[in-house]
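Novice: Let's see this in three dimensions:
(2 chains)
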Protein chains: 2
Amino acid sequence: MQDHLSETFAALADPTRRAMLAMLSQGEANVSDLAKPFLKDMSLPAITKHIKVLEKASLISKTRQAQWRPCKLNGEAFKDVAAWMEHYRIYWEQSFDRLDEYLKTVTATKKPPKTKMRGKKHDRSK
Amino acid sequence: MQDHLSETFAALADPTRRAMLAMLSQGEANVSDLAKPFLKDMSLPAITKHIKVLEKASLISKTRQAQWRPCKLNGEAFKDVAAWMEHYRIYWEQSFDRLDEYLKTVTATKKPPKTKMRGKKHDRSK
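Specialist: This next block holds a predicted model:
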């Protein structure tokens, strides 16, 4: 039997399923609405299978509204991933820091033209 | 071809590989040291395969130190997962909030005995 966190990561390891989660992050959606954007690339049974994988991993859940059963994101499964990631924060923050450092370097090398502009203004005031 | 984020999530979808990452979060380790705790449960080729999956997903990388090639965690891949997760922060934070609320409720229901104790103290001072 697969452990729950492995099941969640496996469910996230697919671009179609991540696109479905991105759709649901905009609000609840019925299975038919959720399926629509993918119908040009795959069959309805294939789409339904993807939805079932997300549901089994508890990343989404079906609510009940009269005759409709819209899907919505389920925070609990995301929380488990976030909690697991927390242990590695020092590693991914170092990575973000390196990106910051790089952006600062890029900004610094772009500064000279600004000084030139100031020089021009000074010339005009003479 | 599998996209990179899918490859990362797929690599994380295994308890042995996550245990290896947890080991490497304590510091760099040679392949033989990394393999040791798993040798009682699986073959060396199986372990090597797990290490290769982590390496292919860029979650770990091999450095070079004289004749040794220790493995270490690679922040970049973790950063990609963290960046993807960020979009869903509102959902997993709601989940953490609900846990906080629950803990507050538990603390609140444990308060009455404290009031009782105060009453007793008051009686003693009479």
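Novice: Looks like residue A:9 contacts residue B:17 (just checking).
Specialist: No: with contact defined as Cβ atoms under 8 Å, residue A:9 does not reach residue B:17; the gap is 9.7 Å. For every residue, glycine as well, the C-beta is placed using N, CA and C.
Novice: and those two? which has more neighbours close in?
Specialist: residue A:9 (25 against 22; other Cβ atoms under 10 Å in any protein chain shown).
Novice: State whether that one is indeed within a helix.
Specialist: Yes: secondary structure of residue A:9 (DSSP: H, G, I helix; E, B strand; the rest coil): part of a helix.
Novice: what's the residue closest to the geometric middle of chain A?
Specialist: Taking Cα atoms, centre = their mean, the centroid of chain A lies closest to residue A:22, which sits 6.6 Å from it.
Novice: For the closest residue to residue A:69 other than its chain neighbours, which residues are in contact?
Specialist: Spatially, and ignoring its direct neighbours in sequence, residue A:69 is nearest to residue A:62 (4.6 Å; Cβ to Cβ, 6 or more residues apart in numbering or on different chains). Residue A:62 makes contacts with A:55, A:69-71, as judged by Cβ atoms under 8 Å, 6 or more residues apart in numbering or on different chains.
Novice: try it again with 10 Å
Specialist: A:28, A:30-31, A:51, A:55, A:68-72 (Cβ atoms under 10 Å, 6 or more residues apart in numbering or on different chains).
Novice: Spatially, which two of those residues are the most separated?
Specialist: Largest separation among the contacts of residue A:62 by Cβ to Cβ: A:55 and A:68, giving 16.0 Å.
Novice: hang on, the earlier thing: list the residues that contact both of residue A:9 and residue B:17?
Specialist: By Cβ under 10 Å, 6+ apart, residue A:9 and residue B:17 have these common neighbours: B:10-11.
Novice: helices or strands up against the longest helix anywhere in chain A?
Specialist: Ranked by residue count and defined by DSSP state H, the top helix of chain A is helix A:89-109. Packing partners of helix A:89-109 (3 or more Cβ pairs under 10 Å, 6 or more residues apart in numbering or on different chains; DSSP states H and E): strand B:71-73, helix B:75-86.
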